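In: model this:
(one chain, ligands or ions: 1)
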Amino acid sequence: MTIIATENGPFEVTGACCVKDASGETLKEGEKVYLCRCGHSAKKPFCDGSHKREGFVG
Ligand code: FES
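Out: Numbers count the residues shown, from 1 in each chain. Predicted coordinates for the structure are as follows:
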């Protein structure tokens, strides 16, 4: 698994991964997942593109 902080955007997770919530319920399984790191996504923990509208720099 590889995790890359994209320029001014989400964490890109590549490789077999499983994202679970605090109770252990699986939210998503896949080979590529984008996780919000700007704090503005309405679909946390996943990126919904809001970082562009908010002008996130990171
Ligand atoms: S990084 Fe994309 S919505 Fe937060």
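In: pLDDT value on the spatially closest residue to Pro45 that is not a sequence neighbour, please?
Out: Excluding the flanking residues, the one nearest Pro45 by Cβ to Cβ, 6 or more residues apart in numbering is Leu35, at 5.3 Å. To be clear about C-beta, it is placed using only N, CA and C from the backbone, and glycine gets the same treatment. Per-residue pLDDT puts Leu35 at 98.
In: Give the burial count for Leu35, as a bare number.
Out: When counting by other Cβ atoms under 10 Å, one arrives at 18 neighbours for Leu35.
In: Any idea what it is bridged to?
Out: Counting by DSSP bridges, Leu35 is bridged to Phe11, Phe46.
In: And it, how far from Cys17?
Out: Leu35 is 10 Å from Cys17, where distance means Cβ to Cβ, to the nearest Å.
In: repeat for Lys52
Out: 24 Å.
In: who's more crowded, these two?
Out: Cys17 (16 against 12).
In: Do me a favour and average the pLDDT over the helix or strand the more buried one falls within.
Out: In the assignment (DSSP states H and E), Cys17 maps to strand 11-20. The average pLDDT for strand 11-20 rounds to 96.
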